[in-house]
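after the sequence you'll find the predicted model.
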Amino acid sequence: MSINQENYTHIVSELGENVQLVAVSKTKPVEDIQALYNLKHRDFGENYVQEMTEKHSQLPRDIRWHFIGHLQSNKVKYIAPFVYMIQGVDSLKLLYEIDKQAARNQRNIQCLLQVHIAMEESKFGFSEEELMESIRFMEENRLAGRLQNTTIAGLMGMASFTEDKDKVRKEFHSLKTIFDKVRQIVKNENFSVLSMGMSSDYRMAIEEGSNMVRIGSLIFGERTAAK
C-alpha cells in the first residue's frame with residue numbers, strides 16, 4: 001500500500017465532521033484508491049474524463065466520484081452515468097449540458113460553480129460579476145422548469161499557486177464573501193458547499209470558511225506525469 005495512512009488518519013481527525021475530504025486520486029493507480037476505500041473513504045477527485053471512467057469500471061460502485069478538472073461539454077456524457085459531483089462548472093453552457101445528460105441517465109448530479117479567484121490566467125471559472133448574473137438567471141429559469149436534474153450545491157475555487165500566504169488568504173476570503181452573497185440570493189438549503197483548499201493550503205482555507213477540501217499529495221504522495 002503506497003498511501004500515507006498516518007497522514008490520512010491525521011487529516012480526517014483534524015477536519016472533523018464539518019469539513020468534507022475529497023481525496024484527489026488523479027494519476028494514481030486503482031490499487032491506491034482501493035486501499036483508501038478499505039479505510040472507509042468514499043469521496044475521490046479526478047481531473048481527466050478517460051482516467052475517471054476507467055477507474056470507475058474497476059472500483060466499488062459506492063465511490064462518490066468528484067470531477068474537479070476543466071470539463072468540456074462534449075465529454076459530459078461519458079461521466080454522467082456515475083459521477084457524483086462536478087466541481088468545475090464554469091459556464092451556463094456546461095451546466096445545461098450536465099442537466100441534459102443527467103436527465104438521459106435518470107440521475108441528479110451535484111454541481112459546484114467554479115469562481116475565478118486566482119490571478120493566474122490558467123485558472124478557469126466565473127468572475128464575481130458573471131457569477132451573480134448567472135445565479136439570478138438560473139433562479140428565474142428554475143421557475144420555468146429548467147435544470148431539473150442538477151443541484152447547484154455551492155461554489156469551488158482555486159487560489160493562486162504562490163508562496164505569498166497573504167495573497168492566498170485574501171483569495172479564500174474573497175470566495176467566502178461571494179459564497180455568502182450567493183446564499184442570500186438562492187435561499188436554498190442545498191446550496192451549502194464551499195470547496196476550497198488543497199494539500200498546501202487547506203488549513204488556511206478552512207480558517208476562511210471552507211467546508212470541503214481537495215487533498216491529494218499528502219495522502220497519495222506527489223503526482224507522477226499527468227495524462
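That came through fine.

in this protein, what secondary structure element scores lowest on mean pLDDT?
Ranked by mean pLDDT, DSSP states H and E, the weakest helix or strand in the chain is helix 128-143, scoring a mean of 84.

buried set for the very next helix or strand once past that helix?
Counting by DSSP states H and E, the next helix or strand C-terminal to helix 128-143 is strand 150-157. Buried residues in strand 150-157, counted by 16 or more other Cβ atoms under 10 Å: 150, 152-157. Where C-beta positions appear, they are placed from N, C-alpha and C, glycine not excepted.

what of stretch 170-178?
171-172, 174-176, 178.

among these, which lie within helices?
171-172, 174-176, 178 (DSSP state H).

output the buried residues of strand 150-157 in a markdown table; the columns should cover pLDDT and distance to I117.
Compiled in a markdown table, these are given as follows (pLDDT from 0 to 100; distance: Cβ to Cβ, whole Å):
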| residue | pLDDT | distance to I117 |
| --- | --- | --- |
| T150 | 94 | 23 |
| I152 | 93 | 18 |
| A153 | 96 | 18 |
| G154 | 97 | 14 |
| L155 | 98 | 10 |
| M156 | 98 | 10 |
| G157 | 96 | 5 |
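
circling back: which one of the ones in helices among the buried residues of stretch 170-178 sits closest to E128?
E128 lies nearest to I178 out of these, by Cβ to Cβ, at 5.5 Å.

can you pull the pLDDT of the most centrally placed residue in the chain?
The centre of the chain sits closest to Q87, judged by Cα atoms, centre = their mean, with a distance of 3.2 Å. The model reports Q87 with a pLDDT of 97.

that one sits in which helix or strand?
Assigned by DSSP H and E, Q87 falls in strand 85-89.

C-terminal to that strand, what's the next element?
Downstream of strand 85-89, the first helix or strand assigned by DSSP H and E is helix 92-104.

what helices or strands is that next one leaning on?
helix 76-79, strand 85-89, strand 109-115, helix 128-143, strand 150-157 (3 or more Cβ pairs under 8 Å, 6 or more residues apart in numbering; DSSP states H and E).

what helix or strand is G209 on?
Counting by DSSP H and E, G209 is part of no helix or strand.

where does it land on pLDDT?
98.

now do the contacts for it.
172, 176, 179, 194 (Cβ atoms under 8 Å, 6 or more residues apart in numbering).

any idea how far the third one lies from A80?
Meaning F179. Using Cβ to Cβ, to the nearest Å, F179 is found at 26 Å from A80.

for stretch 156-167, buried residues please.
Here stretch 156-167 shows 156-160 as buried, counting by 16+ other Cβ under 10 Å.

that one spans what distance, first to last residue?
End-to-end distance of stretch 156-167: 18 Å, with Cα to Cα, to the nearest Å as the criterion.

about what we covered before: name the helices or strands packed onto the least confident helix or strand of the chain?
helix 92-104, strand 109-115, helix 165-186.

now render those as CSV, adding mean pLDDT and distance to I68.
As requested, the helices and strands packed on helix 128-143 are exported to CSV (pLDDT from 0 to 100; distance: least, Cβ to Cβ, whole Å):
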stretch, mean pLDDT, distance to I68
helix 92-104, 96, 14
strand 109-115, 97, 9
helix 165-186, 95, 15
